[in-house]
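1. Got a predicted model here, sequence first, then my questions.
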Amino acid sequence: MEWISERSGAVYHSQETEWYLELMEGTLKMASRKRKVIIFGAKGFERTTTDLRIECFQWYQLAQIRNVRDYDVVIFNLLPLTSIDEREKVAWNRFRTLLDFRVTIDILMNGGSIYIVGDPRFNTPLVDRPQNQKNNLNVAQQQGAPFLEWTGVKYIWDSNAGDTITRLFDYRSEHFSEYIAKFSKWRYSLFRAELDYETMGRYFKQSAHGEFKLSRDDFCRNRYKCALAFTLHLSYGDNEFGPLVFLPELSVSEEETIQLMLSCIGIETDLPEPKWLSEYMAPGQDEVDDEISRIETELSALNKNLEIANFERASCRECLKLLYEKEHALEPVVRDILRALGADVEDPKEKGKEDGWLAVKVGDKTYEGVLEVKSTRRDKFGEDGRKQLLEWIDRGRIQRHKNYKGVFIGNSAVEKPVGERPDAFSDNWRKAAELSGICALKTEHLYAFYVLKKSGKIEMDEIWKIIFESNGVLNFDKYLAHLNI
């Protein structure tokens with residue numbers, strides 16, 4: 001195995017001095033209060049002293065965590081989540097309420113640090129669903145989102161394994177030398193990391209993207225220079241903050257790994273009790289164990305109820321995606337809401353073509369239509385969506401031998417609150433839509449119909465008749481007035 005030091009003369013020493021001063025400044029700030037550490041996915045390392053508090057939560061205990069930004073050090077122990085079965089037990093919707101890119105920035109830019117121990121290359125479901133309802137998830141929900149989405153970074157991994165390790169240490173990473181000394185083989189490596197502007201765009205204006213920068217310090221690589229252990233630093237303007245540290249799985253036990261990792265960042269702890277010690281009963285322990293058992297039974301029931309309630313809440317709020325979602329993610333939401341409003345909706349068969357076919361029965365009459373769902377960050381829709389809808393109508397004539405009503409459903413100015421969005425249709429768009437015989441409406445109108453139908457304030461037959469028998473951009477603003485949006 002090769003050992004390399006990246007120290008280099010005067011440049012190194014000037015950097016080291018600057019880094020040391022920054023470190024001392026942060027240390028002095030924390031000296032006036034307890035250093036607070038939270039560990040996700042661990043137990044037995046809890047402790048409180050005059051200057052330190054460590055709190056541990058296992059992955060099924062996320063409901064007990066309140067504010068991740070209140071900690072100086074955040075540690076994610078992913079070692080218990082190596083199997084799909086274990087990951088499916090985690091309330092990931094709750095996790096996303098605790099941690100997103102905005103929270104990550106708040107932690108790192110205020111002197112905090114984040115450590116990830118273990119393999120982070122897995123996706124988390126977009127909807128937490130009780131186990132007996134897993135099969136009802138659509139494909140996008142089953143595929144989920146990358147676990148690391150909250151970092152605001154995209155990762156390109158190499159999934160090949162090996163055991164050739166090159167260790168590189170400088171003044172920022174040499175305190176991890178004992179950890180890496182116990183690292184002997186690897187199953188994956190990092191090829192590249194880059195800023196995820198789509199994730200960042202949910203929390204910062206697009207004009208701010210250019211101010212963000214990302215740097216990476218590798219302190220452990222494989223033979224072909226992909227990173228095995230590394231640190232990411234985000235910077236905004238001239239201010240660098242972090243670190244976000246990635247540490248691989250070691251050949252020692254999970255408890256020893258976490259103990260060693262804590263030691264590397266200056267926190268000395270005892271190992272949790274080994275499992276075999278549970279056979280020993282200390283004086284007075286039996287009464288305490290009975291009380292713990294009672295509390296755990298109550299917590300188990302509460303956690304199960306919480307999981308169901310979180311799923312029901314997420315299901316209720318699916319309709320709100322009509323007001324902000326964009327591009328391909330908007331299409332299934334529109335189709336689901338149309339179904340909830342009484343339409344029979346057929347999902348598209350070909351990618352890049354029509355966004356669905358719908359049929360609605362009103363009295364003795366059945367209306368049939370073809371969908372074009374469009375979103376834009378701009379205030380007004382372009383001509384492309386309208387022209388595509390005309391193409392789908394023609395495809396219906398050729399392939400299905402029917403004249404379908406073209407229905408355009410769009411979401412414009414998606415980054416603005418609904419009440420601040422201007423008229424999305426130009427005069428030319430309106431005239432062309434009317435002459436083409438298509439019907440156009442906004443996603444907020446669809447949302448209004450859904451809310452009013454759920455509350456029993458409208459019957460959809462009248463709405464469907466207007467949609468299928470009218471041409472052009474329809475004015476449904478009177479329905480929005482009921483919702484104050």
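-> Arrived safely. Residues are numbered from 1 along each chain as shown.

2. What score does the residue positioned nearest the centre of the chain have for pLDDT?
-> Centre of the chain computed as the mean C-alpha position; nearest residue by C-alpha atoms, centre = their mean is residue 149, 5.0 Å away. Among the per-residue scores, residue 149 holds a pLDDT of 93.

3. Please give me every residue in contact with the residue nearest to it when sequence neighbours are not counted.
-> On the basis of C-beta to C-beta, 6 or more residues apart in numbering, the spatially nearest residue to residue 149 that is not a chain neighbour turns out to be residue 199, at 5.8 Å. Where you see a C-beta, it was placed from the backbone N, CA and C, and this is true even at glycine. Residue 199 makes contact with 101, 149, 152, according to C-beta atoms under 8 Å, 6 or more residues apart in numbering.

4. So residue 428 versus residue 434, what's the distance?
-> Relative to residue 434, residue 428 is positioned 11 Å away (criterion: C-beta to C-beta, to the nearest Å).

5. and the two? which has more neighbours close in?
-> Residue environment comparison for residue 428 versus residue 434 gives the larger neighbour count to residue 434, 15 against 10, counting by other C-beta atoms under 10 Å.

6. Surely the more buried one touches residue 472?
-> Yes - between residue 434 and residue 472 there is a contact under C-beta atoms under 8 Å: 3.4 Å.

7. Got the phi and psi for residue 223?
-> Taking degrees, to the nearest 10, you get phi -60, psi -30 for the backbone angles of residue 223.

8. re earlier: what mean pLDDT does the helix or strand the residue nearest to residue 149 falls within get?
-> In this assignment (DSSP states H and E), residue 199 forms part of helix 197-200. The predicted model gives helix 197-200 an average pLDDT of 82.

9. Please name the residues that touch the residue nearest to the centre of the chain.
-> If you count contacts by C-beta under 8 Å, 6+ apart, residue 149 has them with 101, 196, 199.

10. part of a helix, is it?
-> Yes - residue state for residue 149 (DSSP: H, G, I helix; E, B strand; the rest coil) corresponds to a helix.

11. can you list the weak-confidence ranges in the stretch 351-485 of the chain?
-> For the stretch 351-485 of the chain, applying pLDDT under 70 flags the ranges 482-485.

12. now the helices for the stretch 251-400 of the chain?
-> For the stretch 251-400 of the chain, the helices identified by DSSP state H, counting those that start in this stretch occupy 254-264, 285-316, 330-340, 383-395, in order along the chain.

13. can those helices go into TSV with extra columns for mean neighbour count and distance to residue 80?
-> Formatted as TSV, the entries for the helices of the stretch 251-400 of the chain read as follows, by neighbours: other C-beta atoms under 10 Å; distance: least, C-beta to C-beta, whole Å:
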stretch	mean neighbour count	distance to residue 80
helix 254-264	19	7
helix 285-316	12	17
helix 330-340	20	33
helix 383-395	17	47
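
14. Format those helices as a markdown table; extra columns: distance to residue 438.
-> What follows is the helices of the stretch 251-400 of the chain, written out as a markdown table (distance: least, C-beta to C-beta, whole Å):
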| stretch | distance to residue 438 |
| --- | --- |
| helix 254-264 | 60 |
| helix 285-316 | 32 |
| helix 330-340 | 16 |
| helix 383-395 | 6 |
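
15. Go through those helices and name the closest to residue 406.
-> Distance to residue 406, taken as C-beta to C-beta, is lowest for helix 383-395 among the helices of the stretch 251-400 of the chain, at 4.4 Å.

16. ok, back up a step: quick check: of the contacts of residue 199, which lies closest to residue 217?
-> Nearest to residue 217 among the contacts of residue 199, counting by C-beta to C-beta, is residue 152 at 17.6 Å.

17. Could you pull up the residues touching that closest one?
-> Residue 152 makes contacts with 101, 104-105, 195-196, 199-200, 212, 234, as judged by C-beta under 8 Å, 6+ apart.

18. again with residue 381
-> For residue 381, the contacting residues are 374, 410, 412, 424-425, 429, by C-beta under 8 Å, 6+ apart.

19. Am I right that residue 157 sits in a strand?
-> Yes - per three-state DSSP, residue 157 lies within a strand segment.

20. Touching, it and residue 119? I think so.
-> No - the criterion here is C-beta under 8 Å, and residue 157 misses it with residue 119 at 9.5 Å.

21. Need the overlap of contacts for the two.
-> Counting by C-beta under 8 Å, 6+ apart, the residues touching both residue 157 and residue 119 are residue 188.

22. Residue 249 against residue 121, yeah?
-> No - look at residue 249 against residue 121 with C-beta under 8 Å: they stay out of range, at 11.9 Å.

23. Beta-bridge partners for residue 40, please?
-> Here residue 40 sits in beta bridges with residue 57, residue 76, as judged by DSSP bridges.

24. Who are the contact partners of it?
-> Contacts of residue 40 (C-beta under 8 Å, 6+ apart): 57, 59, 74-77.

25. and the gap between it and residue 89?
-> In this structure, residue 40 and residue 89 are 14 Å apart, going by C-beta to C-beta.

26. Show me whatever sits in contact with both of the two.
-> Between them, residue 40 and residue 89 share the contacting residues residue 59, judged by C-beta under 8 Å, 6+ apart.

27. so what's the residue located most distally from the centre of the chain up against?
-> Most distant from the centre of the chain: residue 283, at 47.1 Å, with distances by C-alpha atoms, centre = their mean. When contacts are counted by C-beta under 8 Å, 6+ apart, residue 283 is found next to no other residue.

28. so where's the stretch 201-350 of the chain shaky on pLDDT?
-> By pLDDT under 70, the low-scoring segments of the stretch 201-350 of the chain are 205-210, 271-277.

29. if we go to 80?
-> 201-211, 237-238, 242, 269-280 (pLDDT under 80).

30. distance of residue 330 from residue 197?
-> The span separating residue 330 from residue 197 equals 19 Å under the rule C-beta to C-beta.

31. Over to residue 144?
-> Note on residue 144: its distance to residue 197, by C-beta to C-beta, is 20 Å.

32. Comparing those two, which residue is more hemmed in?
-> Comparing residue 144 with residue 197 by neighbour count (other C-beta under 10 Å), the higher total belongs to residue 144, at 17 against 14.

33. my guess is the more buried one contacts residue 95, does it?
-> No - with contacts defined as C-beta under 8 Å, residue 144 does not count as touching residue 95, sitting 11.6 Å away.

34. buried ones in stretch 82-91?
-> Using 16 or more other C-beta atoms under 10 Å as the burial criterion, the residues of stretch 82-91 that qualify are 87, 90-91.

35. what about that stretch, start to end distance?
-> For stretch 82-91, the first and last residues are 16 Å from each other (C-alpha to C-alpha, to the nearest Å).

36. Closest one to residue 36 out of the contacts of residue 381, please.
-> For those, the closest approach to residue 36 (C-beta to C-beta) belongs to residue 412, at 44.3 Å.

37. Could you find the closest non-adjacent residue to the closest one?
-> Excluding its sequence neighbours, the residue lying closest to residue 412 (C-beta to C-beta, 6+ apart) is residue 424, at 3.7 Å.

38. what about that neighbour, distance to residue 380?
-> 5 Å.

39. Find the residues that touch each one of these two.
-> Taking C-beta under 8 Å, 6+ apart as the contact criterion, the common neighbours of residue 424 and residue 380 are residue 412.

40. These two: which is more packed in?
-> Looking at residue 424 and residue 380 with other C-beta under 10 Å, you find the greater number of neighbours at residue 424, namely 20 against 14.

41. Alright, I will stop here.
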